[in-house]
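Peer 1: Fold the following.
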Amino acid sequence: MLTKINGPSIIEAAGNKPKRIEEYIGRVNSGTKAISVARMVSPPGWQEPGQRPVFDEYTVVLNGRLRAESEDGVLFIRAGEAVIAHAGHWVRYSTPEPEGAEYIAVCLPAFSTETVHRDDDVA
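Peer 2: Modelled structure (predicted):
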């Protein structure tokens, strides 16, 4: 059996500036709880609250540069590179560079606001 996805659902993003989240597969768009696949378009200067999710997040940067901060330090992920944020570990994403970033995020199991465990503030 095949399930065609005709387009994404646009999801409101957390953070200090508007960021576009296009969920193709996940709890909102396809009712899928096992995995979520979303395209993100993040403006320059965007930063979200830190989080300690119960899911693994696999991120592939398509354009620009993404900043990923963890308790171990900071990584900058450029177009053509990827990063894995492991479940249970604190992470905060931002796009401080002038070009912002476009990236694909895959979460296993699917992203949910109940399991992301965001910090209370943005800074």
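Peer 1: drop to CA atoms for contacts and neighbour counts, all remaining ones
Peer 2: Noted.
Peer 1: quick one: low-confidence parts of the protein?
Peer 2: Low-confidence segments of the chain, defined by pLDDT under 70: 121-123.
Peer 1: Kindly recompute the last result at 50.
Peer 2: By pLDDT under 50, the low-scoring segments of the chain are 122-123.
Peer 1: Residue for residue, what is the longest strand it has?
Peer 2: Longest strand in the chain by number of residues (criterion: DSSP state E): strand 56-70.
Peer 1: I would like the residues contacting that strand, please.
Peer 2: Residues outside strand 56-70 that contact it (CA atoms under 8 Å, 6 or more residues apart in numbering): 74-87, 89-97, 99-109.
Peer 1: from the chain's centre, how far out does it sit?
Peer 2: 8 Å (CA atoms, centre = their mean, to the nearest Å).
Peer 1: Parallel or antiparallel, list what pairs with that strand.
Peer 2: Under the criterion DSSP bridges, strand 56-70 sits next to strand 73-78 (antiparallel), strand 82-85 (antiparallel), strand 91-95 (antiparallel), strand 101-108 (antiparallel) in its sheet.
Peer 1: Among those, which comes closest to residue 117?
Peer 2: Judged by CA to CA, the one of those that comes nearest to residue 117 is strand 91-95, at 10.6 Å.
Peer 1: in the sheet, who's paired with residue 42?
Peer 2: With DSSP bridges as the rule, residue 42 is bridged to residue 101.
Peer 1: cool, the one 5 residues further on as well?
Peer 2: For residue 47, the residues forming beta bridges with it (DSSP bridges) are residue 94.
Peer 1: now do residue 105
Peer 2: Beta-bridge pairing for residue 105 (DSSP bridges): residue 38, residue 59.
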